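A.B. asks: Next come a sequence and a model predicted from it.
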Amino acid sequence: MSAAPDYIEPTVGWRTWLVVPEDEVFRLRSIVYDTLWSPHNELVAHCLHHAMRLPWRKHSEHVSPGRNCGCGIYAAREPEEAASYLDGRSWADGLSVHRVIGTVSLWGRVVECTRGWRGSRAYPKKIYVPPTRAPFWLRAERVEEIALALTDYDVPVELLDAESGDPKEFVAALHR
Ligand SMILES: [Zn+2]
C-alpha cells in the first residue's frame, strides 16, 4: 500500500546530466548513478539502494521511489539546485565530455522531497548546453557538436550563453 499519489500530469523539474560518448554518438548519463538515458525511451526508476546493500533480502524490495528510501529519478525544484552539479566532480567525469543542464518530466509515481521530486518515470524536456569550461572534464568536442548530437532526444536543445563557469551565471543565462 502506498501513501504517495499517482500524478497524471508530469512534474517538471531541473537536472544536470553528464554527456558521454556511446557508440559514435553522445548520450545523457546520470551523475550519481550509472544510468544512461536513451533517446525516445522513458527512464524507469529501480531501487538501487537495496539492490546494492541487501541483494538477498527480498522483503526489502519496494516500488521506486520509496518514501523512506532515496531512490527514484531526481528532479530539482529550482534551476540553482541543478546548476550546482554543473560545477561538481565525480568518478564518472573521466567518461564524460561535458555536463549539461535542463528540465525533465517526471511521471508515474512522484514523491516530493526537500529540494524537488523523485519520480518513477522520466524523460528530458529541454536541454541547455553550457559553453566550454574546465579542461579537466571537457575534452576536445565542441559544444555545437554536442548540442547537435543531443537533438537525438527530440526535445529542444539550446546553447547556453554564460560568461563564466559560475553556476549563478548559468542560472542567469537560463532566465534570459
Ligand atoms: Zn528504494
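C.D. replies: Structure received. Numbering: from 1, shown residues only.
A.B. asks: isn't residue 72 right next to residue 120, touching?
C.D. replies: Yes: at 6.4 Å, residue 72 counts as touching residue 120 under the criterion of CB atoms under 8 Å. Every residue, glycine included, has its C-beta placed from N, CA and C.
A.B. asks: The two: who's more crowded?
C.D. replies: residue 72 (27 against 23; other CB atoms under 10 Å).
A.B. asks: Tell me the backbone dihedrals of residue 128, please.
C.D. replies: phi -110, psi 130 (degrees, to the nearest 10).
A.B. asks: So for it, what's the pLDDT?
C.D. replies: Predicted confidence (pLDDT) for residue 128: 94.
A.B. asks: do the same with the one 3 residues further on
C.D. replies: Looking at residue 131, its pLDDT stands at 81.
A.B. asks: Check residue 167 too.
C.D. replies: Predicted confidence (pLDDT) for residue 167: 70.
A.B. asks: What residue, apart from its backbone neighbours, is nearest it spatially?
C.D. replies: Using CB to CB, 6 or more residues apart in numbering and skipping the chain neighbours, the partner closest in space to residue 167 is residue 83 (3.8 Å).
A.B. asks: gap between the one you found and residue 29?
C.D. replies: With distances taken as CB to CB, to the nearest Å, residue 83 is found 18 Å from residue 29.
A.B. asks: more crowded one of these two?
C.D. replies: residue 83 (26 against 18).
A.B. asks: What residues does that one make contact with?
C.D. replies: 14, 16, 101, 167-168, 170-171, 174 (CB atoms under 8 Å, 6 or more residues apart in numbering).
A.B. asks: From the residues you listed, keep the buried residues only.
C.D. replies: 14, 16, 101, 167, 170-171, 174 (16 or more other CB atoms under 10 Å).
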